[in-house]
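S.K.: using only what follows, build the 3D model:
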Amino acid sequence: MEAFHKYCIFTCILWFGMGMLMSIPVLGQENKITATTKTSISDEFDLKELKNRQRRTVSYLVVTDIRDIAYGNRCVTEATRRLGFVYTPMPISEIERKSRFHYFTHNQFTKLKITLKHGPGWKKKLRKSIARCG
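M.R.: Have a look, this model is predicted:
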């Protein structure tokens, strides 16, 4: 059993040492990267676009009545996405399939998350931006 442990320790040290040696640049070799060299990322995307793009997780608020939220308006959708959520219309028959309590708790936790992130006045801000959308 001791031989096995020695073998494992030896291979770990060997792999670690090889990794360290691979990370050191070769002596006497100059760095060949110039300003005209393109990376694979910049080939596919503009770097400014990548910098401006933000990854956001979007929460969903389940609603049954879409009259008050102007569902389908692009400006309203962008305003809600800025706050980190999207309204999801769902008929009452679908809501009753799972349970009303499930969707109620889901909406409450989503509203709590938005409140903690954007403050207690997030609904007022949203109403103002929806009024500007017109």
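S.K.: surely Thr88 is in a strand?
M.R.: Yes. When DSSP: H, G, I helix; E, B strand; the rest coil is applied, Thr88 is found to be in a strand.
S.K.: so who does the closest residue to it other than its chain neighbours touch?
M.R.: Nearest residue to Thr88, sequence neighbours excluded (C-beta to C-beta, 6 or more residues apart in numbering): Tyr60, at 4.5 Å. Heads up, the C-betas are built off the backbone N, CA and C, glycines and all. By C-beta atoms under 8 Å, 6 or more residues apart in numbering, the contact list for Tyr60 reads 85-88, 106, 110.
S.K.: and Tyr60, that's in a strand?
M.R.: Yes. Counting by three-state DSSP, Tyr60 falls inside a strand.
S.K.: neighbours of Gly134, how many?
M.R.: For Gly134, the neighbour count with other C-beta atoms under 10 Å is 8.
S.K.: ok, now which ones touch it?
M.R.: Contacts of Gly134 (C-beta under 8 Å, 6+ apart): Cys75.
S.K.: and Thr80, by the same measure?
M.R.: Residues 86-87, 126 are the ones in contact with Thr80 under the rule C-beta under 8 Å, 6+ apart.
S.K.: now distance to Phe101, neighbour count and pLDDT too, for these, in JSON lines please.
M.R.: As requested, the contacts of Thr80 are exported to JSON lines (distance: C-beta to C-beta, whole Å; neighbours: other C-beta atoms under 10 Å; pLDDT from 0 to 100):
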{"residue": "Val86", "distance to Phe101": "22", "neighbour count": "13", "pLDDT": "90"}
{"residue": "Tyr87", "distance to Phe101": "20", "neighbour count": "17", "pLDDT": "88"}
{"residue": "Leu126", "distance to Phe101": "25", "neighbour count": "19", "pLDDT": "89"}
